[in-house]
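K.L.:
Attaching a predicted model along with its sequence, questions to come.
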Amino acid sequence: MKIFQIRPKYDESGNSTFRHLEPLHGFDPVGRHRFDGSLKTGVLIAKDYEVSISDENLAYANFPDFCPGVLVADGLALSELYPILSSVAELLPLREAHGGAYTLVNLTPPFDCVDLERSEWKAFPSSGRAMSVSRYEFDVERLPKRSLFKTTMKQSTIFATQGHLEPAMEFKAQVERLGLLGLAFWEIWNNDGDPIPDPPPFWMG
């Protein structure tokens, strides 16, 4: 089994490869817009769902970048991957200013499956929460039986599994099979004993 970290895709110069979405009415990353694995139905208000497309000169993405800790899927991605996404996330419709159809994929709940003692990480001095992680180690017995998940250690990070479920229910395998655009995957853990590859150039965040 392998575990991959998911991020928006950037080119080798560190520039955004695809257009992204921006909220129209401000953004509160430590308040109601903090996607920490909690449900947002009844927390977000109507204007929070209103977004606009930025950098329309860039290529179209099925998974446009929006904010840390959440995925955004277009109509094609949602339709093709609905059995996977609906089983692991709260799905919330976004209203794009020009009528584009997007869905906010809020993975919930976070899982306590990281081996904190064997992982290598730095904490925020004020809170003790994880600030950065240079090496992940997972407790296999505590891994959720799903192909997309977040952890209680660092809720702004999204992971995908490979070799954990049937291929039809594995997010990464289906994204690649369908040729959906906008995401990058970096292998950060396996239980095969294989070396972990270096991160792609300009692995952001």
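P.N.:
Arrived safely, thanks for sending. Since we're looking at a predicted model, the values are computed, not measured.
K.L.:
Strands of the protein, start to end?
P.N.:
2-8, 20-23, 50-54, 71-74, 89-96, 101-107, 120-123, 130-135, 148-149, 158-162, 183-190 (DSSP state E).
K.L.:
Nearest to N62, out of those?
P.N.:
strand 71-74 (4.9 Å; C-beta to C-beta). In this view, the C-beta of every residue, glycine as well, is placed from N, C-alpha and C.
K.L.:
in terms of contact, does V140 touch N191 like I think?
P.N.:
Yes: V140 is in contact with N191 according to C-beta atoms under 8 Å; the separation is 6.4 Å.
K.L.:
joint contacts of those two?
P.N.:
Counting by C-beta atoms under 8 Å, 6 or more residues apart in numbering, the contacts common to V140 and N191 are M1.
K.L.:
re earlier: any chance of the strands of the chain in CSV, plus distance to I196?
P.N.:
What follows is the strands of the chain, written out as CSV (distance: least, C-beta to C-beta, whole Å):
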stretch, distance to I196
strand 2-8, 10
strand 20-23, 28
strand 50-54, 33
strand 71-74, 23
strand 89-96, 27
strand 101-107, 23
strand 120-123, 12
strand 130-135, 8
strand 148-149, 19
strand 158-162, 14
strand 183-190, 6
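K.L.:
can I get those in TSV with mean pLDDT, distance to R177 and mean neighbour count?
P.N.:
Below are the strands of the chain laid out as TSV (pLDDT from 0 to 100; distance: least, C-beta to C-beta, whole Å; neighbours: other C-beta atoms under 10 Å):
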stretch	mean pLDDT	distance to R177	mean neighbour count
strand 2-8	94	15	20
strand 20-23	89	24	18
strand 50-54	89	26	16
strand 71-74	96	16	24
strand 89-96	92	20	17
strand 101-107	94	18	21
strand 120-123	82	33	12
strand 130-135	81	29	13
strand 148-149	96	16	23
strand 158-162	96	13	23
strand 183-190	94	13	19
